[in-house]
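In: Sharing a model that was predicted from the sequence below.
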Amino acid sequence: MIRFLLAALLAFAAIPTARAQSEQQTLVDRATLTVQEMFSDQVNPEGRRLLKNAKGIMICPRVFKAGFIIGGQAGSCVLVGNHNGAWTNPAFYGFGSGSIGFQIGVQDAQIAFIVLTEKGLTALMDSQFKVGADASVAVATYGAGVSGATTAALRADIVAFAQARGLFAGIALDGSLISQRTEWNQVYYGQYLAPQQIILNRQGNNPGADPLREVLAQLAAQQQQ
């Protein structure tokens with residue numbers, strides 16, 4: 001009886017962790033679908049070409065924006081590093097911003113930040129990175145719902161693409177805050193890991209991230225053929 005009660009208590013205690021990890025896995029699965037949707041030759045050939053030499057990519061599968069005079073947008077993201085074609089496991093981030101002005105409507109967007117330089121990767125791995133606030137880190141934005149010239153990618157540290165649906169005319173990224181979610185890393189990998197440990201040192205492993213890594217490797221490899 002005591003063994004039975006102990007086993008039941010242990011199983012009950014594991015429920016929150018399993019439920020929490022499923023939240024992270026759902027985000028990783030959505031990131032995999034987002035990469036497949038956003039970087040096909042038909043949809044985004046330019047972005048697909050940039051993946052070949054990318055230092056990493058941050059994927060935000062669903063950024064929800066709503067506003068009536070005062071607005072804001074929020075979502076969750078994963079950052080994956082690239083080491084000579086070997087993509088790392090993901091580190092978790094939050095994405096958010098606020099704005100004041102004439103606006104009304106809702107918007108659901110997918111955003112991907114392709115990191116082209118070590119400087120850009122270092123900036124994203126910081127505890128907090130505010131898009132457009134650091135003049136030394138150039139962020140070019142273009143794609144469906146994002147304004148900007150594709151030639152800006154040649155001089156950019158980070159290039160942002162977005163696909164947006166909704167009532168807003170476009171999506172503004174300047175001023176958006178990208179923050180580490182180390183507690184999500186801990187749940188997903190079963191140990192405390194900073195983004196630098198996951199992305200640079202390639203620590204941590206979760207088989208649930210293998211499809212995302214494989215899709216990125218396939219897309220990048222196809223550009224080398």
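Out: Everything's here; your move.
In: can you list contacts of stretch 49-57?
Out: Residues lying outside stretch 49-57 but in contact with it, judged by CB atoms under 8 Å, 6 or more residues apart in numbering, are 35, 39, 79-82, 88, 112-118, 120-121, 124, 153, 159, 199, 216, 219-220, 223-224. C-beta: built from backbone N, CA, C; applies to glycine.
In: The protein: strands as residue ranges?
Out: Under the criterion DSSP state E, strands of the chain are mapped to 56-83, 86-87, 91-115, 128-130, 139-141, 158-166, 177-180.
In: And the ones you listed, which one averages the lowest pLDDT?
Out: Lowest mean pLDDT within those: strand 91-115, a mean of 70.
In: Out of the contacts of stretch 49-57, which end up buried?
Out: Burial by neighbour count, judged by 16 or more other CB atoms under 10 Å, picks out 35, 39, 79-82, 88, 112-117, 120-121, 124, 153, 159, 199, 216, 219-220 from the contacts of stretch 49-57.
In: residues making contact with stretch 205-214?
Out: Applying CB under 8 Å, 6+ apart, the set of residues contacting stretch 205-214 is 25, 28-29, 31-32, 35, 78, 80, 87-90, 188-189.
In: The same query, at a cut-off of 7 Å, please.
Out: Contact partners of stretch 205-214, identified using CB atoms under 7 Å, 6 or more residues apart in numbering, comprise 25, 28, 31, 32, 80, 87, 89, 90, 188, 189.
In: Now for the third one: which residues touch it?
Out: When you say that, I think you mean residue 31. Residue 31 is in contact with 59, 61, 78, 212, counting by CB under 7 Å, 6+ apart.
In: Kindly report the same for the fifth one.
Out: For residue 80, the contacting residues are 56, 57, 87, 88, 90, 212, 213, 216, taking CB under 7 Å, 6+ apart as the criterion.
In: same thing but at 10 Å, please
Out: Residues near residue 80 by CB atoms under 10 Å, 6 or more residues apart in numbering: 28, 31, 35, 54, 56-59, 87-91, 115, 198-199, 209, 212-213, 216.
In: bridging residues for it?
Out: Going by DSSP bridges, residue 80 is paired in beta bridges with residue 57.
In: tell me the contacts of the nearest residue to residue 86 once chain neighbours are set aside?
Out: For residue 86, ignoring the flanking residues on the chain, the nearest one in space by CB to CB, 6 or more residues apart in numbering is residue 217 at 7.5 Å. Going by CB under 10 Å, 6+ apart, residue 217 touches 51, 82, 85, 86, 87.
In: State the distance from residue 217 to residue 35.
Out: Distance of residue 217 to residue 35, computed by CB to CB, to the nearest Å: 11 Å.
In: And for residue 23?
Out: 19 Å.
In: same check, this time on residue 77
Out: Remark: distance between residue 77 and residue 35 (CB to CB) = 12 Å.
In: list residues touching both of those two?
Out: Common neighbours of residue 77 and residue 35, using CB under 10 Å, 6+ apart, are 59, 61, 112.
In: Quick check: closest non-adjacent residue to the second one.
Out: In this case it means residue 61. Of all residues not flanking residue 61 in the chain, residue 30 sits nearest, at 3.6 Å (CB to CB, 6+ apart).
In: Can you give me the pLDDT of the one you found?
Out: We have a pLDDT of 95 for residue 30.
In: which residues touch it?
Out: Under the criterion of CB under 10 Å, 6+ apart, the neighbours of residue 30 are 59, 60, 61, 62, 76, 78, 110, 212.
In: Widest-spaced pair of those?
Out: Distance extremes for the contacts of residue 30: the farthest pair is 62 and 212 at 15.3 Å, using CB to CB.
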